[in-house]
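Asks: Please find the sequence and the predicted model below.
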Amino acid sequence: MLRKVLRFWRDALLDILDGDAHKVLHRFAADVYRARYGGPNKLHIEPIAACNLHCEFCSIPPPLIKRESRFMSLEKFKKIVDDVKPHCVVMALYLGGESLLHPQLPEMVAYASKQGIYTELSTNATLLTPEVSRKLIQGGLDSITLSIDGASKASVEGMRLGSNYENLMHNLREFFRIKRELGKRKPDASFQLLVSKLNKDEIADFEAMAKGFGGHTRIRTLGLPTWVGEGVDLKALADKYILGPEEAAPFAGYEIDREGPCTFDQRSVVFADGRVVPCCFDIHGAHVMGNAYLKPFHEIWSGKTYQQTLPLVRAKQLDICEGCDLNPKRSDAKIKAQYSSQASP
Ligand SMILES: C[S@@+](CC[C@H](N)C(=O)[O-])C[C@H]1O[C@@H](n2cnc3c(N)ncnc32)[C@H](O)[C@@H]1O
Ligand code: SF4
Ligand code: SF4
């Protein structure tokens, strides 16, 4: 609780120093609105369901996910922002793919940001060119996760298949140079490393690298991809990337899999084709609440389907909750059985 309060005031101070005092006011207004009329405080939006990399461990590799349309137009995005603005405080502009493939992503960030919404992005940084960096920073992006996954060419390119280490380092150097040049404190930049067999000896170097650039680190273990979809050889993946119990022990103090309690009763997700689902882990759209392109968002949220689903989300009783990292009652036994049933002979 204290952490939450401190974070709130730290963000408020950064907003004011960066000339975004309207975001502080919006947060108060949205809290008052939600207390009276309800609505989720965080939206996860998928601008594009495609990726230029093919990280093998990716829990939601874009080719495996089905969408009617893989691309959200700027107009449709604006419609959703206008719908959710009264109650939405935070918007994550990524889900099943690499959002910087969308040519108007900076305009999306700028639009949501102008409405007072705190904007978040997670990116593989391969397309974070100096031009895009400048637009994102000027557009008021609040938080960026740089999914780099290593401190050496071998581990970065080994984890992030299809990336080029030198290109990434250039993009990162330029991003922080431009941020300094513009005199902006935001976006808050975290370098993310998913601990695996390929990078487990590079944590200290990774932390030094992030600090050298001017960011901080987020070290997590590679999740067991419990919802990667049919046909993925989990055993082979685990053999290549996932640490055994003894190797994993030194990382016990890090944020392992669990990101904290599930708060999806206060969040919602919109796919690139407009479908609304109750949780990011419902990546294949098993629980569609409606389509935000066809109806005002609040009608979907207050509709019978969503209102009947929310108690199941709170109780973690959706089918997808069973193996979820954020479910304290998750069935580890089921996951282990899944791995061993695919064991190589
Ligand atoms: C699916 S990606 C989409 C955004 C962007 N393409 C990226 O890589 O940051 C969102 C986040 O999921 C993380 N991720 C992918 N597979 C994972 C896994 N098996 N365990 C834990 N995190 C994973 C990525 O590292 C990234 O931080
Ligand atoms: S870059 Fe992101 S979305 Fe693309 S494959 Fe890797 S983790 Fe998945
Ligand atoms: S517990 Fe269920 S609703 Fe919550 S994050 Fe996990 S899958 Fe989603």
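Replies: Alright, I've got the coordinates. Ligands and ions are numbered 1, 2, ... in the order given.
Asks: Give me the buried positions along stretch 174-181.
Replies: 174, 175, 176, 178, 179 (16 or more other Cβ atoms under 10 Å). In this view, the C-beta of every residue, glycine as well, is placed from N, C-alpha and C.
Asks: Show me the contact partners of it.
Replies: 125, 128, 129, 130, 133, 134, 137, 187, 189, 213, 214, 215 (Cβ atoms under 8 Å, 6 or more residues apart in numbering).
Asks: try 6 Å this time
Replies: For stretch 174-181, the external contacting residues (Cβ atoms under 6 Å, 6 or more residues apart in numbering) are 128, 130, 133, 134, 137, 213, 214.
Asks: residues touching the residue of the stretch 101-250 of the chain at minimum distance from ligand 2, list them.
Replies: The minimum distance from the stretch 101-250 of the chain to ligand 2, using Cβ to the nearest ligand atom, falls at residue 124 (3.8 Å). By Cβ under 6 Å, 6+ apart, the contact set of residue 124 is 53, 98, 147, 160.
Asks: Where do the helices of this structure begin and end?
Replies: 2-17, 21-37, 74-84, 105-114, 130-138, 153-159, 165-182, 203-213, 234-241, 245-248, 297-302, 304-314, 332-341 (DSSP state H).
Asks: Tell me which of the ones you listed approaches ligand 3 most closely.
Replies: Among the helices of the chain, helix 304-314 sits nearest to ligand 3 (Cβ to the nearest ligand atom), with 4.6 Å.
Asks: buried stuff in that closest one?
Replies: Buried residues in helix 304-314, counted by 16+ other Cβ under 10 Å: 306, 309, 310, 313.
Asks: out of those residues, who's near ligand 3?
Replies: residue 313 (Cβ under 6 Å from any ligand atom).
Asks: As JSON lines, the buried residues of helix 304-314 with pLDDT would be great.
Replies: Putting these into JSON lines (pLDDT from 0 to 100) gives the following:
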{"residue": "306", "pLDDT": "98"}
{"residue": "309", "pLDDT": "97"}
{"residue": "310", "pLDDT": "97"}
{"residue": "313", "pLDDT": "95"}
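Asks: Of the buried residues of helix 304-314, just say which sits nearest to ligand 1.
Replies: Closest to ligand 1 out of these is residue 313 (20.5 Å), distances taken as Cβ to the nearest ligand atom.
Asks: I'd say the closest one and residue 263 touch.
Replies: No - using Cβ atoms under 6 Å, residue 313 is not in contact with residue 263; the gap is 9.5 Å.
Asks: Quick check: longest strand in this protein by residues?
Replies: strand 188-195 (DSSP state E).
Asks: low-confidence ranges in the stretch 101-250 of the chain?
Replies: Along the stretch 101-250 of the chain, segments meeting pLDDT under 70 span 224-232, 245-246, 248-250.
Asks: Show me what from it comes close to ligand 1.
Replies: The stretch 101-250 of the chain comes close to ligand 1 at residues 122, 123, 124, 145, 147, 192, 194, 222, 223, 225, as judged by Cβ under 6 Å from any ligand atom.
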